[in-house]
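A.B. asks: predicted structure and sequence below. I'll ask about it afterward.
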Amino acid sequence: MEKIRNFCIIAHIDHGKSTIADRMMEITGTVSKREMKSQLLDSMDLEREKGITIKLAPVTMNWKGYTLNLIDTPGHVDFSYEVSRSLQAVETAVLVVDATQGIQAQTLANVYLALEQDLTIIPVINKVDLPAADVEKVAAQIISLLGCSREDIIEVSGKTGLNIDKILDRIVGESEIGSGLGSLAPVVTGLAPSSSAVASGRSRTNSDSPTRALIFDSYFDDYRGVVLYVRVFEGEIDKNSEILMMAAETKGLALEVGILTPKMTPKESLKAGEIGYIVTNLKTTREAKVGDTLTLVKNPAEKPLPGYKNVLPFVYAGFFPVSNDQYKDLKEAIEKLSLSDSALQYAPENSPVLGFGLRIGFLGLLHMDIIKERVEREFNLDLIITNPSTNYEVLLNNGELIEIKSASELPDMTEIAEIREPWVKGEIIVPREMIGNVLNLINEKRGLQTNLSYIEERAVIDFEAPMANLLTDFYDQLKSATSGYASFNYELNGYKAEDLVRIDFLVAGERMDALSVMAHKTEAEAIGREVTKKLKEVIPRQNFEVALQAAIGARIIARETIGAYRKDVLVKIHTGDRDRKAKLLEKQKRGKARMKRFGKIDIPPEAFTVMLKRN
């Protein structure tokens, strides 16, 4: 056990985590040069195309007689739950900062997560070989943030492999763990703990203790069933042993155990301190939830390990198949994806216009985008996605508190005492000269600035704002206002009662539930005008006049009209007889009025996502 080191790589998105992991696997001989490809641990096509890590990926390496277990983590704020799960399974975190970009918002967020777990932090500056690299400036930012010395910081290049071996040497060093301080500056030794070290109450004990292993990820394999990724803290798990999930109280069989190199490599057993996989006979991941403690049936542990907080989604959108015949396929597709994504929650939904579909909860807009792309690609389905919204708490006059996930679920306003909307606590890192632009944007979104601090030449702006106002195009507007230099991180910060109303949109007098949105009373008219204008652009013209209206209850607050196609019915008259002309025009007018009553309007899928890009 003294020869085992568990660590993960944390950083802001696009700072080079996966590339450093590639070089580590190359240097340790885990993967041969012939098998090597860039971002090897990013197994999904989407991860490669977008250049981002979506799922955490464990791999076992050997270095100078030590076993190193690495967990490569995502960098985007939507997947921070993957990072927090990884941190609980390791003792050391390699903090990577891009030499050309410096400390970003997600860098700070990940440092806070590592401090909570009391981990050793190894500071690394990546991309030092680039012409735009400013190593000394970024080193000063890291020293200011962590309170470490200049010698603690390792300068590397993930692309060329420069100094990657120094990170591995630092990980296997035999020094005591750095204890996280209550303030932002932990004691950073940059070295992994010895066998006597205790990280966040998780100690390395002998393998005679009752077995306890933390399930930090799981997925469903079509051919093998549920596969668990575990970190064994105490005891050992043998092949074919009977296992027990302590929280779910389900029993199973460890059909195969082993390590990832990064291919599945079977072993006879997983011992204390090791990270590996277990192929089980379970049929669904709900029987072995992420964060649960795994023990053995023959010698069960008494107390479970500290688990994870349940991750609750706060962005909801309706997924509807273009053809109602595909509803069953859509449901099966989402069920399969939810087996490997514990944050995905869904419930059936029925819309008078769109038919049967699912209301799905996500951790953010990127998470939603990834799931949409996976459903369309992996299951070959055409989807209509409704405007994303957040959930609201509604206090009724009788004292009952209910939660609604879309505006169409809102009860009658006469029954409501107050409506509470979720607020987020956000953090923006931006160059000092652009502070004014960012503060203006926060004010536009009904946000409140709570703190302003500085890291070298950068400002850290802490603020609070309603989640609904940040859902659509806030990130795009932030990038635009700061020429792409700002980075943004957020977390949920409770619910606040506000003066909220439901805006309904009517197409030809018919209310479209899928288009309804919740908004603050002061912003309602502007949103109504904006959306009706947008709908006028995306809904095609008909043979009759179509009215587009925005309404709060029975009060119309905005209107646009899509003009009818005109047909020259007088073209067949060769004389100038006025009565004949009047008769034909009157007949056309009656026909258009009848069409207006009975005509069906074909609404294109784009109409249901007009809120995504308001400008």
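C.D. replies: Thanks, I have the structure now.

A.B. asks: list the buried residues of stretch 378-386.
C.D. replies: Across stretch 378-386, burial judged by 16 or more other C-beta atoms under 10 Å covers 379, 381, 383-386. To be clear about C-beta, it is placed using only N, CA and C from the backbone, and glycine gets the same treatment.

A.B. asks: same thing with stretch 522-529?
C.D. replies: Across stretch 522-529, burial judged by 16+ other C-beta under 10 Å covers 523-524, 527-528.

A.B. asks: about what we covered before: tabulate the buried residues of stretch 378-386 in JSON lines, adding columns for distance to Met61.
C.D. replies: Output for those, formatted as JSON lines (distance: C-beta to C-beta, whole Å):
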{"residue": "Phe379", "distance to Met61": "35"}
{"residue": "Leu381", "distance to Met61": "39"}
{"residue": "Leu383", "distance to Met61": "40"}
{"residue": "Ile384", "distance to Met61": "46"}
{"residue": "Ile385", "distance to Met61": "41"}
{"residue": "Thr386", "distance to Met61": "45"}
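
A.B. asks: let's see the host helix or strand of Ile259 as CSV, backbone CA atoms only.
C.D. replies: Under the criterion of DSSP states H and E, Ile259 resides in strand 250-260. Output in CSV follows, covering the C-alpha atoms of strand 250-260 (Å, rounded to 0.1, in the frame of the first residue of the first chain):
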residue,chain,number,x,y,z
THR,A,250,-28.6,-4.4,-3.0
LYS,A,251,-26.5,-7.5,-3.3
GLY,A,252,-24.5,-8.6,-6.4
LEU,A,253,-21.7,-10.6,-7.7
ALA,A,254,-18.2,-9.4,-8.7
LEU,A,255,-18.0,-11.4,-11.9
GLU,A,256,-14.6,-9.7,-12.8
VAL,A,257,-12.3,-7.3,-11.1
GLY,A,258,-9.3,-5.5,-12.5
ILE,A,259,-7.5,-2.2,-13.3
LEU,A,260,-7.7,0.1,-16.3
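
A.B. asks: who are the packing partners of whichever helix or strand comes after that strand?
C.D. replies: Going down the chain from strand 250-260, the next helix or strand is strand 264-267, by DSSP H and E. Secondary-structure packing of strand 264-267 (3 or more C-beta pairs under 8 Å, 6 or more residues apart in numbering; DSSP states H and E): strand 250-260.

A.B. asks: residues contacting Glu256?
C.D. replies: By C-beta atoms under 8 Å, 6 or more residues apart in numbering, the residues touching Glu256 are 239, 266, 278-279.

A.B. asks: just checking: what are the partner strands of the longest strand along the chain?
C.D. replies: The longest strand of the chain (DSSP state E) is strand 416-431. If you go by DSSP bridges, strand 416-431 pairs up with strand 392-396 (antiparallel), strand 458-466 (antiparallel), strand 487-498 (antiparallel).

A.B. asks: so how far is the longest one from its chain's centroid?
C.D. replies: The chain centre lies 15 Å from the centre of strand 487-498; the measure is C-alpha atoms, centre = their mean, to the nearest Å.

A.B. asks: which residues are contacting that strand?
C.D. replies: With contacts defined as C-beta under 8 Å, 6+ apart, strand 487-498 is touched by 12, 77, 104-106, 108-109, 312, 314, 393, 395, 418-430, 464, 466-467, 470, 475, 478, 520.
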